[in-house]
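> need a structure here:
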Amino acid sequence: MIERQEIIDDKHDILTHRARRNTIYILTLDPILGTDVAERIGGDSRLKGCEIVQPSAGTIRDTVDTMERAAQDTTHARVLVFDVRRAGLPKLRKVHRDIIGFNRKDFNKLCFSVLIGDGPPMLYQNGRGLDVFTIYLGAHRVDYHPAVFFYDPLLHYEPSEAKLGAIDDEFALRDDVPQRLAPYFRKGEETTVGAIRQYFRAVDKPHEVRQKRRRMLRRLYRKEINERLPGHEDQVKVWTSRKGLQLATEKMNLYPMYFEDWVYKLIRKAERNAADNGGCGSP
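Take a look at the predicted model:
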């Protein structure tokens, strides 16, 4: 009789990727959002040594293909930024699932995921205020294990703003300003989400100007959300702060408020965790 022996290797876990670097992956089909994230991170002096990778190509289909080829390479990163807006998820669900699979065991230890999304579709019509995010964030917890979720008002379109297209229309992400925000931004008919992001990003401006515009955007968002969700002013105030809002076990912030702070914090935390695990950081 052949004696069976269980082979146990407790020194090497092939599902854990210890040779991670200060690399940040931006995983979006939207070149406008991708540029905003990349330039905000790249313009922060605390993150100067970080490598920013944004798998992209000329068309939506080519970008998805590029992400699929890069999926396993994400195991070298310490932060993964996922665009989880509803419009793009059907195109990205498979590649997101692959990337999550490669990194799953390391999440919230050696690497962290950050989500940017458009929130529940009935956010402003549900009558429950920000508590409606709890179920929404819980679903993303199952799929992405996020360290933090950023709601982006510029990605959120009301159900009444849905655009119907023909079956053979080329898929495209929207760049028009949501109707509820248009009165706050529009100075002309050509104002787009891209132009708004560039103005408030202000990467070519002095630090004082960038800070002023960030405060301006925070006040604008706080005013608009308070008008749409009366009676929840205290929650909204916390939501727009550096700390962000805690809903059950989920953390939620407002993009782009303090986005760079969160990325810096998570990079440093991943480095410390790697060091605490026997010096398993960058080679």
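> how close does Ala57 sit to Glu260?
Relative to Glu260, Ala57 is positioned 26 Å away (Cβ to Cβ, to the nearest Å). In this view, the C-beta of every residue, glycine as well, is placed from N, C-alpha and C.
> those two: which has the busier surroundings?
Neighbours per residue (other Cβ atoms under 10 Å) separate Ala57 from Glu260, with Glu260 holding more: 18 against 12.
> in what helix or strand does that one lie?
Under DSSP states H and E, the secondary-structure element containing Glu260 is helix 259-276.
> name the nearest residue to Arg228, ignoring sequence neighbours.
Taking Cβ to Cβ, 6 or more residues apart in numbering as the measure, Arg228 lies nearest to Tyr124, with 4.7 Å between them; neighbours along the chain are not counted.
> got the contact list for that neighbour?
Applying Cβ atoms under 8 Å, 6 or more residues apart in numbering, we find Tyr124 in contact with Glu158, Arg180, Arg228, Leu229.
> any regions of the stretch 51-200 of the chain where pLDDT drops low?
Segments of the stretch 51-200 of the chain classed as low confidence (criterion: pLDDT under 70) are 164-170, 186-190.
> I'd like the next helix or strand past whatever helix or strand Pro183 lives in.
With the criterion set as DSSP H and E, the secondary-structure element containing Pro183 is helix 182-185. Tracing the chain C-terminally past helix 182-185 and defining elements by DSSP H and E, one meets helix 193-201 next.
> elements contacting that next one?
Helix 193-201 sits against helix 31-42, helix 207-228, with contacts defined as 3 or more Cβ pairs under 8 Å, 6 or more residues apart in numbering; DSSP states H and E.
> the same query, at a cut-off of 6 Å, please.
Contact analysis of helix 193-201 by 3 or more Cβ pairs under 6 Å, 6 or more residues apart in numbering; DSSP states H and E lists helix 31-42 as its packing neighbours.
> could you give me the buried positions within the helix or strand following the helix it packs on?
On the C-terminal side of helix 31-42, the nearest following helix or strand under DSSP H and E is strand 51-53. Within strand 51-53, the residues that qualify as buried by neighbour count (16 or more other Cβ atoms under 10 Å) are Ile52, Val53.
> strand 51-53 pairs with which strands, parallel or anti?
strand 23-27 (parallel) (DSSP bridges).
> give me the buried positions along the partner strand.
Residues of strand 23-27 classed as buried under the neighbour-count rule (16+ other Cβ under 10 Å) are Thr23, Ile24, Tyr25, Ile26, Leu27.
> who's the residue lying closest to the second one once chain neighbours are set aside bridged to?
Right, the one you point to is Ile24. Residue nearest to Ile24 in three dimensions, not counting chain neighbours: Val79, with 4.6 Å by Cβ to Cβ, 6+ apart. Beta bridges link Val79 to Ile24, Phe112, judged by DSSP bridges.
> ok, Val79 to Leu27 distance?
Between Val79 and Leu27 the distance is 11 Å, computed by Cβ to Cβ.
> so Phe149 lies in a strand, does it not?
Yes: when the secondary structure is assigned by DSSP: H, G, I helix; E, B strand; the rest coil, Phe149 falls within a strand.
> count of neighbours near it?
Neighbour number of Phe149 under other Cβ under 10 Å is 27.
> same check on His140?
His140: 18 surrounding residues under other Cβ under 10 Å.
> quick check: which element contains it?
Remark: His140 resides in helix 133-144, with elements defined by DSSP H and E.
> how far does that helix sit from its chain's centre?
Helix 133-144 has its C-alpha centroid displaced from the chain centroid by 14 Å (Cα atoms, centre = their mean, to the nearest Å).
> how about residues contacting that helix?
By Cβ atoms under 6 Å, 6 or more residues apart in numbering, the residues outside helix 133-144 that reach it are Ser113, Leu115, Pro120, Phe149, Leu247, Ala248, Glu250.
> narrow the residues you listed to those that are buried.
The neighbour-count test (16+ other Cβ under 10 Å) marks Ser113, Leu115, Pro120, Phe149, Leu247, Glu250 as buried among the contacts of helix 133-144.
> the third one contacts Gly129, correct?
No: the pair Pro120 and Gly129 does not pass the contact test of Cβ atoms under 6 Å, sitting 11.3 Å apart.
> re the thing from before, helices or strands next to the helix holding Pro183 in the packing?
On a contact count with 3+ Cβ pairs under 6 Å, 6+ apart, helix 182-185 meets no helix or strand.
> and that helix, which residues are buried?
In terms of neighbour count (16+ other Cβ under 10 Å), helix 182-185 has its buried residues at Phe185.
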